[in-house]
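Colleague: Quick check, what structure comes out for this input:
(one chain, ligands or ions: 3)
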Amino acid sequence: MPDIILDVHEIFTSIQGEGPLMGRPASFLRLSGCVEPLCPWCDTKQAWGPGKTISVEEVASRLIALGNRLCIITGGEPFLQWESGLNLLERLLLTEGIEIQYETSGKVLIPADCRGFKVCSPKYLANIWHYLPENSERADCFKFVAGDELKPVQEFITKHNLDQDRVWIMPMGTGRDEQLTRSPKIWEFCVKHHYNFSPRLHTLFFNNQQGV
Ligand SMILES: Nc1nc2[nH]cc(C(=O)O)c2c(=O)[nH]1
Ligand code: SF4
Ligand SMILES: [Mg+2]
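Modeller: Ligands and ions are numbered 1, 2, ... in the order given. Predicted coordinates for the structure are as follows:
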């Protein structure tokens, strides 16, 4: 039988820089491939195209070898590979007692049988949210990268009836300075609407380096 494989961009160890699990040491698996429309501000454009094909067992053993209790699976769009191997990887990691957190844009359907913690970060592009509404029930929480336009974020939250406890807002910025400049306005927005604020710690510390 041929190996079940994943299309992998990178595997590394770091600290979750964003969202509800921010600050926790974690193994990161960044899968290759994303869904159109692609975001012009994307900080991981290298993960759009094909990466390295690696067997699921090999990916699992590399992640286990990093020794972290938590694994963040991101992309690209990780759920593109759910049926072709990610579901098997999830089973292998859970068997080892490793906790899993996914990062998804919500442009594809979050699999109903996925057992990890799902953080959805919807994308607003050319005045449209590129998002499948069914994911509002399937994601555990939502993370928005916000720039100057806060109205669309507020409209999204209202339209999909998201409880404030499920919402994290992060300042836009591929670099440290931009993030810091935008933070006070995002902070005020969070205080006003009772949302959670999240910085992007890896950008604050390492600017726009890859693999951190
Ligand atoms: N440290 C760190 N935390 C992250 N949280 C989400 C990330 C992502 O690229 O999805 C990310 C990342 O690339 N690095
Ligand atoms: S959804 Fe995420 S990975 Fe895909 S293009 Fe947008 S920012 Fe980049
Ligand atoms: Mg990132």
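
Colleague: Could I get the full set of strands for the chain?
Modeller: Along the chain, the segments classed as strands by DSSP state E run 5-15, 25-31, 52-55, 70-74, 99-104, 117-120, 123-125, 128-130, 141-146, 167-171, 196-197.

Colleague: Turn those strands into a markdown table, columns for distance to residue 179 and mean pLDDT.
Modeller: For every residue, glycine as well, the C-beta is placed using N, CA and C. Below are the strands of the chain laid out as a markdown table (distance: least, CB to CB, whole Å; pLDDT from 0 to 100):
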| stretch | distance to residue 179 | mean pLDDT |
| --- | --- | --- |
| strand 5-15 | 16 | 98 |
| strand 25-31 | 20 | 98 |
| strand 52-55 | 30 | 98 |
| strand 70-74 | 19 | 98 |
| strand 99-104 | 18 | 98 |
| strand 117-120 | 19 | 98 |
| strand 123-125 | 18 | 95 |
| strand 128-130 | 23 | 97 |
| strand 141-146 | 10 | 97 |
| strand 167-171 | 5 | 97 |
| strand 196-197 | 12 | 98 |
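
Colleague: looking at those strands, which is closest to residue 204?
Modeller: Checking the strands of the chain against residue 204 by CB to CB gives strand 167-171 as the closest, at 9.9 Å.

Colleague: Give the pairing partners of that closest one; include direction for each.
Modeller: Using DSSP bridges, the strands paired with strand 167-171 are strand 141-146 (parallel), strand 196-197 (parallel).

Colleague: what helices or strands is the longest helix belonging to the chain leaning on?
Modeller: Identified as the longest helix of the chain according to DSSP state H is helix 176-193. Here helix 176-193 touches strand 141-146, strand 167-171, strand 196-197, helix 201-206, going by 3 or more CB pairs under 8 Å, 6 or more residues apart in numbering; DSSP states H and E.
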